[in-house]
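Asks: Provided below are the primary sequence and the corresponding predicted coordinates.
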Protein chains: 2
Amino acid sequence: MLRTITGFSNPTVKFLRSLREKKHRKQEQRFLAEGLRLLTDARESGRLPEMLVMATKRESHPLLDALIADVSAAGGEVIEMDEDILAKVTGKDNPQAVAGVFAEFDTSLAQIDRNASPIWLVAQALRNPGNLGTMLRTGDAVGAGGLILIDDCADPFSVEAVRASMGAVFTQTIAQARWDEFHAWLRAGDGQLVAASLRDSTDYRTAPYARPCFLMVGNESRGLPEDYEKACDLRVHMPMLGRADSLNAAVAGAVLAYEALAHLRPKA
Amino acid sequence: MLRTITGFSNPTVKFLRSLREKKHRKQEQRFLAEGLRLLTDARESGRLPEMLVMATKRESHPLLDALIADVSAAGGEVIEMDEDILAKVTGKDNPQAVAGVFAEFDTSLAQIDRNASPIWLVAQALRNPGNLGTMLRTGDAVGAGGLILIDDCADPFSVEAVRASMGAVFTQTIAQARWDEFHAWLRAGDGQLVAASLRDSTDYRTAPYARPCFLMVGNESRGLPEDYEKACDLRVHMPMLGRADSLNAAVAGAVLAYEALAHLRPKA
C-alpha cells in the first residue's frame, strides 16, 4: 500500500522528524535507519521497517524494489514524498535517500543467551553515539553476541549510532542495564568479566581469557569506576608507550576483543 | 602582554572564528586547539600557542597560569575577552574555555626519520576527522612515529581532529602526500608497507612484520585502491566473523598496530 505525501505539515513528516530526538524515540518506541545499504542489511538480518519512506522521483534499484516488496508483504507502509520533504526528514540533500522506521528491540538482559557466544562487549557510561555504533560493528566482526550498555550510555537507536554500526545494530543483541542489575545477572550464571584497566592488571596478550568473556570498557573521559574494576575477574592493560594513558573507548574495546578472540576461537 | 577584547567585531575575534574553516586555516597556516588539557599537553610536548585566549572572568588554575607565563615568555599574545565573545570563538558555552592558536607544522615527508620508530601509521583518503584524530591517539599509544596521510584526507588541523587526537597531534609526526610521492619516498629507503586487506592476504596474527613497518588503512567507504594494495609488501586480514566485511578505519588501524607492536617490540 503506497502512500504519497505532498505537504511539509503532514503528521507523518512530523513523526519522522521527531525520531531524530531521543525523547520522541522513547515515547514512540521507534527509531530511524537511513540509506539503502543499512536497510538492506536490516532486511537480510530479518528486520523489516514498519514504514519505508523514499523520494517520489527516484531511480529504480533492485535492492530498493526488494525492500518495497518485503515491507508491503509484511503489512508495512511504503510512503513516497517530494525530495525537499524527504530532505527535511533525513537532514540530507541526497534525493536517493531512503529511510525506514523500526520498532525498538527488547533491550532487557533477560533476552541474552550468554553461552551462545564466546565474547560479549560491555560499555559503561559510553557517551558518544559514534563510539557506541563502532563497538556494535566490532562486535559483529569478532562474532560477539552483542553489546551490553551499563548506566547512562548514548542511545543505541540514535541516527548516529545506527549509522556507525554499519548494520550491526540489526544483528548484535543490545541490552541496557544499571550496574547493580548487570552484576547480579552476570553472577547468576557463567561469565568472566574483564576490564581494560591500568590498575593491578595483567598484560592483555597473556591474560587467561575464558568464555563467555564479557569485555568492559568505560566512559570516554573517566574510564571505569574503581569499584566496577574491582568487581571484575580480570583486569588487563595494553601497552601505552606515549604521553597519553588511554585509548579511544571503541579502539580499546576492539583491541581487547580481537585479542580475546585469538585466545577463545577454536584453532582452524 | 595581556590584551583585552571587548567587542564581537574585533578583527582578532573574526580571525579566531575563521580558523574553524579549512580554507582560512590554509590561508593563515594556523590552527586552533581548545581546552586546558589539550593546551597543557601541547605545552608539555614543547609546543606553545602563538596566541592564547580565555575569559576575562575565570577561575585561577595552576596549569592555566603556567600556560600564560610560558606563552608570554615566548613572546606570544595572551588575550582575554568576555565570556559571550569567547563562546562565539569556541562554539561552547563553557566560560572555563581556553583556546590557543598554533602555527601549522611542516607536513612534508622530508621531515620523517623513518628508522626512529618501529611503526608508522598510514591512512589513505581518510575522510572523517574523528577517525584521523583517533589514529593519531593510537599512534601515540603504540609508540608510532607518526601518521602519513595519503591523497585527500580530512584536515589533521581541524578542531575535530585535534580534539579526537587527545594531544597526540602535538607529539606524532604528521605528513601529507599524494600516493605516487609517498610510494617513491618509501622505496628510497627501508620500510615494509602493510595493508589491511581482504585480497590475497595473510592472517594478521602470524604475518612477518618488519621494522620500520608502515601500516596502511583506506577510505571509510571504499577501502584501499587495488593497485595500492598490490604495491604493498604484505597484505593482512583480521577475522571478520559477522555479516560485515570491514571494520571502522581507525579500529582496523589500531588492531593492526597493536598486533605489529607485539611482534616488533623488544621482549621485556
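Replies: Perfect, I can see it now. Treat the numbers as computed from the prediction; the structure is a model and nothing was measured.

Asks: so who does the most centrally placed residue in chain A touch?
Replies: Residue closest to the mean C-alpha point of chain A, counted by CA atoms, centre = their mean, is A:V169 at 4.0 Å. Contacts for A:V169 (CB atoms under 8 Å, 6 or more residues apart in numbering or on different chains) come out as A:A33, A:G133, A:L136, A:P156, A:F157, A:A161, A:V162. (Glycine included, C-beta is placed from N, CA and C.)

Asks: Three-state assignment for the last one, please.
Replies: In this case it means A:V162. What DSSP: H, G, I helix; E, B strand; the rest coil gives for A:V162 is helix.

Asks: neighbours of it, just the number please.
Replies: 27 (other CB atoms under 10 Å in any protein chain shown).

Asks: these two touch, right, it and A:G35?
Replies: No - in this structure, A:V162 is not within contact of A:G35 by CB atoms under 8 Å, at 9.6 Å.

Asks: Now the closest residue in space to A:G143 that isn't next to it in sequence: phi and psi?
Replies: Ranked by CB to CB, 6 or more residues apart in numbering or on different chains and with sequence neighbours excluded, the top spatial neighbour of A:G143 is B:L241, at 3.5 Å. Phi and psi for B:L241, reported as degrees, to the nearest 10, are phi -90, psi -10.

Asks: bridging residues for the residue nearest to A:P49 when sequence neighbours are not counted?
Replies: Among residues not flanking A:P49 along the chain, A:G100 sits closest, at 2.9 Å (CB to CB, 6+ apart). Beta-bridge partners recorded for A:G100 (DSSP bridges): A:A33, A:L52.

Asks: Relative to A:D93, how far out is A:G100?
Replies: Remark: distance between A:G100 and A:D93 (CB to CB, to the nearest Å) = 19 Å.

Asks: what's the answer for A:G133, then?
Replies: A:G133 is 23 Å from A:D93, by CB to CB.

Asks: more crowded one of those two?
Replies: A:G133 (26 against 10).

Asks: Just give me how far the helix or strand harbouring that one sits from the chain centre.
Replies: Counting by DSSP states H and E, the element that carries A:G133 is helix A:129-141. Helix A:129-141 sits 6 Å away from the centroid of its parent chain (CA atoms, centre = their mean, to the nearest Å).

Asks: Please apply the same query to stretch A:16-29.
Replies: Taking mean C-alpha positions (CA atoms, centre = their mean), stretch A:16-29 and its chain are 17 Å apart.

Asks: Only the buried residues of that stretch, if you could.
Replies: Neighbour counts over stretch A:16-29 (16 or more other CB atoms under 10 Å in any protein chain shown) mark A:L16, A:R17, A:L19, A:R20, A:R25 as buried.

Asks: Now go through the residues you listed and say which are in strands.
Replies: Per DSSP state E, strands hold no members of the buried residues of stretch A:16-29.

Asks: want to throw those into CSV with pLDDT and distance to chain B?
Replies: Shown next, in CSV, are the buried residues of stretch A:16-29 (pLDDT from 0 to 100; distance: CB to the nearest CB, whole Å):
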residue, pLDDT, distance to chain B
A:L16, 94, 25
A:R17, 93, 24
A:L19, 95, 24
A:R20, 92, 20
A:R25, 96, 23
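
Asks: and which of those is nearest B:H183?
Replies: Of all the buried residues of stretch A:16-29, B:H183 sits closest to A:R20, with 43.6 Å by CB to CB.

Asks: pretty sure that closest one is touching A:R30, no?
Replies: No - the pair A:R20 / A:R30 is not scored as a contact, 11.6 Å apart, by CB under 8 Å.

Asks: Quickly check: stretch A:178-196 near chain B or not.
Replies: No - using CB under 8 Å from any CB of the partner chain, stretch A:178-196 stays clear of chain B, coming no nearer than 12.1 Å.

Asks: Leaving out the residues flanking it, which one is nearest to A:D200?
Replies: That would be A:R235: by CB to CB, 6+ apart, it lies 6.0 Å from A:D200.

Asks: just the helices in the stretch 51-200 of chain A please.
Replies: A:62-73, A:83-90, A:129-141, A:159-164, A:179-187 (DSSP state H, counting those that start in this stretch).

Asks: Pick the most buried one from those.
Replies: helix A:129-141 (a mean of 27; mean count of other CB atoms under 10 Å in any protein chain shown).

Asks: Give the other helices and strands that that helix contacts.
Replies: strand A:119-124, strand A:146-150, helix A:159-164, helix A:249-264, helix B:249-264 (3 or more CB pairs under 8 Å, 6 or more residues apart in numbering or on different chains; DSSP states H and E).

Asks: hmm, try it at 7 Å
Replies: Helix A:129-141 sits against strand A:119-124, strand A:146-150, helix A:159-164, helix A:249-264, with contacts defined as 3 or more CB pairs under 7 Å, 6 or more residues apart in numbering or on different chains; DSSP states H and E.

Asks: Minimum distance to chain B: which of these has it?
Replies: helix A:249-264 (4.4 Å; CB to the nearest CB).
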